[in-house]
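Colleague: kindly return the folded structure for what I paste below:
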Amino acid sequence: MHTEKIKVRVTETKQLLEVVVFSKRADVIEVVIGEGIHNVKCALTPTRNALAYAGSVMGREIVYERSRDQVQADIEMLNPNLRKPGRR
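Modeller: Residues are numbered from 1 along each chain as shown. As a prediction, the model looks like this:
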């Protein structure tokens, strides 16, 4: 089984973290930060301008710097069966 990982930025410190993707849809990306019993789940939702995804974990804001359109394209590329009819 393939575990997808993405890099998110902690806005306060500008630090990049590699996190595991729990589920990925265009309207929300759920990620897991940490390992084992010390893990925390976080939901990243699109920002108002849809140019990034943002969420909060343990009082810290994290940002995934990809647009909603880019994430939708990634999802369609990984699973072509999910494409909407009429799109190529």
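
Colleague: show me what the lowest-mean-pLDDT helix or strand in the chain is packed against.
Modeller: Using mean pLDDT, DSSP states H and E, helix 68-78 stands out as the lowest-scoring helix or strand of the chain, at a mean of 91. If you count contacts as 3 or more C-beta pairs under 8 Å, 6 or more residues apart in numbering; DSSP states H and E, helix 68-78 packs onto strand 16-24. Glycine gets a C-beta too; all of them are placed from N, C-alpha and C.

Colleague: now the strand it packs on: average pLDDT?
Modeller: Within the predicted structure, the mean pLDDT of strand 16-24 is 95.

Colleague: who does that strand touch, helix- and strand-wise?
Modeller: Contact here means 3+ C-beta pairs under 8 Å, 6+ apart; on that basis strand 16-24 packs against strand 5-10, strand 29-33, helix 68-78.

Colleague: what residues does that strand touch?
Modeller: 3-10, 29-33, 41-42, 62, 71, 74-75 (C-beta atoms under 8 Å, 6 or more residues apart in numbering).

Colleague: buried ones from the residues you listed, can you make that a ChimeraX selection?
Modeller: Buried residues within these, as defined by 16 or more other C-beta atoms under 10 Å, are selected in ChimeraX through the command that follows:
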select :6,8,9,29,31,32,33,42,62,71
